[in-house]
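Colleague: Show me the folded form of this:
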Amino acid sequence: MVSGDPQLVSADAQSRVQARRTVSRRSLLAAGALTSVPALAGTASAVAAGPADGARAGLVTPVRPMPTTAADWQDIADVLGRTGNMARGTVYHTDYPRHDLHVVSRGVTISSGLALGSHVAFVRYADGSTMVMGDFAVAEAELQHVTRALQRHGLEQTAIHKHLLAQSPDMWWTHVHGHGDDPVELARGIRAAMDRTGTPPPRQHKPPKATGLDTEGIDAAMGAKGSHYDGVYKCVFARRETITDGGRVLPPGLGAISAFNFQSLGGGRAAVNGDFVMVAEEVQKVLRTLSRGGIEIVELHNHGLRDEPRLFFAHVWGVDDAVRLAKSLRAAVDHTNVTTFT
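Modeller: Here you go, the predicted structure:
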C-alpha cells in the first residue's frame, strides 16, 4: 500500500501502480473481445472467414460471406414461392416485379423495371448465420400491413422513403434487414410481409426485349456497359471499398450500388430513375452536379443502420434525351468512389 504525500511517492511505486492499471485494462479488453468474436475456432468456417480487407487494428475481424449454390437455397425458394438466382457465388437474389400496379409520375406511366420492383437477397456467413436484405415497393394502403408483418417476425425496417415524385397512387419503399441462424425463419418473415401486398405470382422468364433507346450512346456517356432488364436499360456501379454491416462483410454490390434505369419514351427520350450510393464527403458534390445537370433529387437518406463506412443514398428522377441524361448522371458519378458493375 502506498502512503504519505502523493507528491512524495517513489517512482518505483508509481511504476507498479501503472503496471497494475495497464494489466487491468488489457484484461478487460481481452474479455470483451472474447465475448464478441463468433465461435469459429477449430472449424472449417474459421479458415474460410479470413481477415477482412482494411480491417482496423484493435477491432474484431468482420465475418466474411461463404460461397453457396442455388441448391443450398432450395428451402428458401420453397418458402418464398418463387425461384431466385445466384449472384457472384455468394448472394441468392429474388425479384418481385409489381406488374399489378398502374403508377403515373410526372405524366409518365412507370414500368415495373423502372421503379416498381421489390427484391430480397440472402447471404450465408462463415459463422453459419444468414443475412437477408431487401427493398419492398408497396402501395400506401399496403405499407402498415407490411410493417406489422415484418415487426412480428423480428425483421428490421432500415428505411421508409420515396423513389418517385408526385406519383399516383402513392407508393412507398421500405428497406428490410434480418440476421439469424435460421434462414427459413427469415424467409417466412419475408413471405408474410409480401403476402400483405398485391405482388403477383412470378411470370415465366422471357428473353429481354430491346428498349428502343440509343444504348450505345448511353454506354459511351456512362462509361459502362448497361443491360436490358424488365423493359428498361440499366447501368450499375458499385462501391470500391469493403463495406460491412453489423460486423459482416457485404458481398460486392450488395446494398452498396448506384443504379440507373432508363425507360424509353420514344424519339430518343427517356425517363430515368435510380439512386447514388455515397459517403458523407461525396454527398454535396453529387447533389450540386445533379442539379446543374437538370436531374431532380427525390430523396436523400440511409438504407442501412450499421454500415461501415456510413453510406448515403440519393434517389433521382429525370426526363430528357437519354444520352443527355446519361452524361449528367456520369458527371455526378465521377464524384464517387465506384467502379462499373455487372
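Colleague: so what does the helix or strand hosting residue 192 touch, helix or strand wise?
Modeller: Residue 192 is part of helix 183-194 when elements are defined by DSSP states H and E. Applying 3 or more Cβ pairs under 8 Å, 6 or more residues apart in numbering; DSSP states H and E, one finds that helix 183-194 contacts helix 74-80, strand 117-124, strand 130-139, helix 140-152, strand 171-180. Any C-beta I mention is one placed from the backbone N, CA and C, and that applies to glycine too.
Colleague: number of nearby residues for the closest residue in space to residue 72 that isn't next to it in sequence?
Modeller: Among residues not flanking residue 72 along the chain, residue 124 sits closest, at 7.1 Å (Cβ to Cβ, 6 or more residues apart in numbering). Residues near residue 124, counting by other Cβ atoms under 10 Å, number 20.
Colleague: right, and residue 124 touches residue 65 too?
Modeller: Yes: if you go by Cβ atoms under 8 Å, residue 124 and residue 65 touch, sitting 6.7 Å apart.
Colleague: Can you tell me the closest non-neighbouring residue to the residue minimising distance to the centre of the chain?
Modeller: Residue closest to the average C-alpha location in the chain (Cα atoms, centre = their mean): residue 255, at 1.5 Å. Among residues not flanking residue 255 along the chain, residue 133 sits closest, at 5.5 Å (Cβ to Cβ, 6+ apart).
Colleague: remind me which residues of the protein are low pLDDT?
Modeller: Scanning the chain with the threshold set as pLDDT under 70 gives 1-59.
Colleague: Walking through it, point out its helices one by one.
Modeller: For the chain, applying DSSP state H gives helices covering 11-36, 44-49, 74-80, 112-115, 140-152, 183-194, 215-222, 280-292, 322-333.
Colleague: CA atoms only for the shortest one, dumped as CSV, please.
Modeller: Written as CSV, here are the backbone C-alpha positions of helix 112-115 (Å, rounded to 0.1, in the frame of the first residue of the first chain):
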residue,chain,number,x,y,z
SER,A,112,-42.0,-2.3,-63.0
GLY,A,113,-38.5,-2.3,-64.3
LEU,A,114,-38.1,1.5,-63.9
ALA,A,115,-39.1,1.8,-60.3
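Colleague: And it, what does it pack against?
Modeller: Counting by 3+ Cβ pairs under 8 Å, 6+ apart, helix 112-115 packs on strand 232-239, strand 257-266, strand 269-278.
Colleague: need those strands in JSON lines with distance to residue 167 and mean neighbour count, can you?
Modeller: What follows is those, written out as JSON lines (distance: least, Cβ to Cβ, whole Å; neighbours: other Cβ atoms under 10 Å):
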{"stretch": "strand 232-239", "distance to residue 167": "17", "mean neighbour count": "24"}
{"stretch": "strand 257-266", "distance to residue 167": "14", "mean neighbour count": "21"}
{"stretch": "strand 269-278", "distance to residue 167": "11", "mean neighbour count": "25"}
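Colleague: Distance to residue 222 for these - can I get that in a markdown table?
Modeller: Converted to a markdown table, the helices and strands packed on helix 112-115 look like this (distance: least, Cβ to Cβ, whole Å):
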| stretch | distance to residue 222 |
| --- | --- |
| strand 232-239 | 5 |
| strand 257-266 | 8 |
| strand 269-278 | 11 |
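Colleague: closest one to residue 249 among the ones you listed?
Modeller: Of all those, strand 232-239 sits nearest to residue 249, with 12.4 Å by Cβ to Cβ.
Colleague: which residues touch the closest one?
Modeller: Contacts to strand 232-239, defined as Cβ atoms under 8 Å, 6 or more residues apart in numbering, come from residues 111, 113-114, 211, 213, 215, 218-219, 222, 224, 226-228, 252-253, 256-264, 277, 311, 326, 333, 336-342.
Colleague: Okay, buried residues for stretch 131-148 please.
Modeller: Buried residues in stretch 131-148, defined by neighbour count with 16 or more other Cβ atoms under 10 Å: 131-139, 142-143, 146-147.
Colleague: still on that earlier bit, for residue 120, see how far away the residue nearest to residue 255 is.
Modeller: Noted for residue 133: a distance of 7 Å to residue 120, by Cβ to Cβ, to the nearest Å.
Colleague: any common contacting residues for these two?
Modeller: Listed as contacting both residue 133 and residue 120 by Cβ under 8 Å, 6+ apart are residue 176.
Colleague: one step back: looking at it, the residue nearest to residue 255 is touching residue 119, isn't it?
Modeller: No: counting by Cβ under 8 Å, residue 133 sits too far from residue 119 to count as a contact (9.2 Å).
Colleague: shared neighbours, these two?
Modeller: Listed contacts common to residue 133 and residue 119 are nil; contacts here mean Cβ under 8 Å, 6+ apart.
Colleague: thought residue 99 was touching residue 112?
Modeller: Yes: Residue 99 lies in contact with residue 112 (Cβ under 8 Å); the separation is 5.3 Å.
Colleague: For the two, indicate the residue with more neighbours.
Modeller: Taking other Cβ under 10 Å, residue 99 and residue 112 do not tie; residue 112 has more neighbours (21 against 17).
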